[in-house]
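> One predicted model, sequence on top.
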Amino acid sequence: MQRVCKATLSGHSFNNRLILATNQHTHNIMAYINLKLQWDELKSINPKIRIRNAASILNVKEVELLATIEGDEAVRLKPKFIGILERIEELGYVMGLTRNNDVVHERKGVYLNGKFGKHVSLFVGADIDQRMFLSTWAHAFSVTEYSGKTARKSFQFFSHDGEAVHKIFLTPKSNEAAFKNITEVFKAEVQNEEITILAKKEIAKELSDSEINADDFQQEWRNLKDTHEFYGLLGKYKLTRTQALRLAPKGDYAIPVDNKVIRILLEKVSEYGTEIMCFVGNQGNIQIHTGPVKKLLEYGEWYNIMDPKFNLHVNETAIHESWIVRKPTEDGTVTSLEIFNKEGNMMVQFFGKRKPGIPELDQWRDVIKEVENELIEVGV
């Protein structure tokens, strides 16, 4: 009798779980249909709206909207990111796009010298220079967008919390046959599976300055041998980056400057032909441009570099802090301009062109000093 009761209870439990699962599945289908209808309505009102802007309006993630597209316009790929990236060179000349909420970095070239590691994967070439953190990647799509009869094709990658981490767009010079083949090889068996969006990881609260051993931190800053060691210092002393700059050693190690500095700097390097490095990143990727910049353009709240191989779009209204930062290395002092938003997140970072073992460009140092003096002279 007791076993029968247990079996009966177990049956009820199973039925309840089945009902809950069915209800959840029905809810998910309805939510999917509702979201698709909302986006269709939004596109009918504004046919040129970008998917990222539409997602913001609808209070969802871009990848969730992408998942509502049916057919060849948005093909879900297996999350075999290394496998896909190992074949990206086959596409030939493409455009890589990496962005955060405030800055968009677009660089054209060929993805060369791919190296894939446990913690970071790399593409290192004269044009395409990437630092990829694949543990944060979760979703991949092959996307074909139409503007009239023109098709724009890309591979797009998203994090566990639904943010776009990297996109690779074909150009007229790209190999479309390779794009089609990679899509077919890595196409997911199930195309209408629900997209799971995980909550963003909570960022640790900044400690009060009094809780930091500032003297030891400053001494270690003075003793740096490589710029990459700075990240280790942040972790060791539990510092946010902007807090580290505030607690920098006395002298010219970290100087806060007016937020107009980004315009002043770019105008000078454009005029002088100074070769720079421009870093833009998010949780899943850092993309780097190395070389000169020429064409600068203001458009609304965005300040832009619009060169043939390199485009940068900076939302100036998001700039909250700007710092000139100097770090000692075995190759001499390395100087950067670092731009932050109000949350303390790095928007964009500039260096002079350099490689390990080679000192920083004198021309870059001269430009930074000129910018610094100009801001001091005008009282900002």
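Yes, it's here. Numbering: from 1, shown residues only.
> Show me the protein divided up by domain.
According to automatic domain parsing, the chain comprises the domains 73-123+134-186, 209-377.
> need those domains in CSV with mean neighbour count and distance to residue 65, can you?
The way it works is simple: take the backbone N, C-alpha and C, and place the C-beta from them, glycine included. CSV is the format used below for these (neighbours: other Cβ atoms under 10 Å; distance: least, Cβ to Cβ, whole Å):
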stretch, mean neighbour count, distance to residue 65
domain 73-123+134-186, 18, 9
domain 209-377, 17, 19
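> Tell me which of those domains lies nearest to residue 198.
domain 73-123+134-186 (4.5 Å; Cβ to Cβ).
> Now do the closest one: distance to the chain's middle.
13 Å (Cα atoms, centre = their mean, to the nearest Å).
> same question, stretch 187-198
22 Å.
> Now do it: everything it contacts.
With Cβ atoms under 8 Å, 6 or more residues apart in numbering as the test, stretch 187-198 has contacts from 28, 32, 61, 63-64, 67, 70, 75-78, 138-139, 142, 160-162.
> for stretch 231-250, same thing?
204, 206-207, 209, 212-214, 216-222, 224, 230, 254, 256, 321, 323, 325, 338, 340, 344, 346.
> Try it again at 6 Å.
By Cβ atoms under 6 Å, 6 or more residues apart in numbering, the list of residues contacting stretch 231-250 from outside reads 206-207, 212, 214, 217-218, 220-222, 254, 323, 340, 344.
> what does stretch 281-298 give?
By Cβ under 6 Å, 6+ apart, stretch 281-298 touches 98, 100, 105, 107, 129-133, 136-137, 159, 165-166, 266, 270, 273, 275, 277-280, 304-307, 310, 353.
> Restricted to strands, list those.
Counting by DSSP state E, the part of those found in strands is 98, 105, 107, 129-132, 137, 159, 165-166, 277-280, 304-306, 310.
> In three-state terms, label residue 146 for me.
On the three-state scheme (DSSP: H, G, I helix; E, B strand; the rest coil), residue 146 is labelled strand.
> give me the beta-bridge partners of it?
residue 151 (DSSP bridges).
> Also residue 159?
Assessed by DSSP bridges, residue 159 has beta-bridge partners residue 137.
> In contact with it, which residues?
136, 138, 165, 283-284.
> CSV please, covering those and showing distance to residue 238 and pLDDT.
Shown next, in CSV, are those (distance: Cβ to Cβ, whole Å; pLDDT from 0 to 100):
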residue, distance to residue 238, pLDDT
136, 22, 97
138, 28, 97
165, 26, 98
283, 19, 96
284, 24, 98
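> tell me the two of those residues that are most distant?
Most distant of the contacts of residue 159, by Cβ to Cβ, are 138 and 283, 11.2 Å apart.
> isn't residue 333 right up against residue 326?
Yes - judged on Cβ atoms under 6 Å, residue 333 makes contact with residue 326 at a distance of 5.3 Å.
> Strands along the stretch 151-300 of the chain, start to end?
Under the criterion DSSP state E, counting those that start in this stretch, the stretch 151-300 of the chain contains strands at 164-170, 254-257, 276-281, 285-291, 296-299.
> Helix or strand: which one has residue 48?
Under the criterion DSSP states H and E, no helix or strand holds residue 48.
> Can you get me a residue count around it?
7 (other Cβ atoms under 10 Å).
> And the one 3 residues further on, by the same measure?
Here the neighbour count serves as a burial measure; for residue 51 (other Cβ under 10 Å) it reads 19.
> Give me the distance between the residue nearest to residue 321 when sequence neighbours are not counted and residue 241.
Nearest residue to residue 321 in three dimensions, chain neighbours excluded: residue 340, at 4.4 Å (Cβ to Cβ, 6 or more residues apart in numbering). Using Cβ to Cβ, to the nearest Å, we find residue 340 at a distance of 7 Å from residue 241.
> now residue 132
Relative to residue 241, and taking Cβ to Cβ, residue 132 is found at 21 Å.
> on that earlier part again, got TSV for the domains of the chain, with distance to residue 57 too?
Shown next, in TSV, are these (distance: least, Cβ to Cβ, whole Å):
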stretch	distance to residue 57
domain 73-123+134-186	15
domain 209-377	17
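> Now do the spatially closest residue to residue 199 that is not a sequence neighbour against residue 182, distance only.
The shortest distance from residue 199 to any non-neighbouring residue, by Cβ to Cβ, 6+ apart, is to residue 161 (6.7 Å). To residue 182, residue 161 is 26 Å away according to Cβ to Cβ.
> returning to what we had before: now distance to residue 192 too, for the strands of the stretch 151-300 of the chain, in TSV please.
What follows is the strands of the stretch 151-300 of the chain, written out as TSV (distance: least, Cβ to Cβ, whole Å):
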stretch	distance to residue 192
strand 164-170	21
strand 254-257	51
strand 276-281	32
strand 285-291	28
strand 296-299	39
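> Between these, which one is closest to residue 359.
Checked against Cβ to Cβ, the stretch from the strands of the stretch 151-300 of the chain lying closest is strand 276-281, at 14.3 Å.
> So in that sheet, which strands flank the closest one, and in what orientation?
Strands that pair with strand 276-281, judged by DSSP bridges, come out as strand 285-291 (antiparallel), strand 346-352 (antiparallel).
> any chance you could read off phi and psi for the residue sitting nearest the centre point of the chain?
Centroid-nearest residue in the chain, with Cα atoms, centre = their mean: residue 282, separated by 3.1 Å. The phi/psi pair for residue 282 (degrees, to the nearest 10) reads phi -140, psi -170.
> Could you tell me how far it is located from residue 212?
Counting by Cβ to Cβ, the gap from residue 282 to residue 212 is 27 Å.
> ditto for residue 129
33 Å.
> the helices in the stretch 251-380 of the chain, which residues?
Secondary structure of the stretch 251-380 of the chain (DSSP state H, counting those that start in this stretch): helices at 261-272, 362-377.
> Put together a markdown table for those, with distance to residue 50 on each row.
Listed next are the helices of the stretch 251-380 of the chain as a markdown table, based on distance: least, Cβ to Cβ, whole Å:
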| stretch | distance to residue 50 |
| --- | --- |
| helix 261-272 | 24 |
| helix 362-377 | 33 |
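> Appreciated, that's everything.
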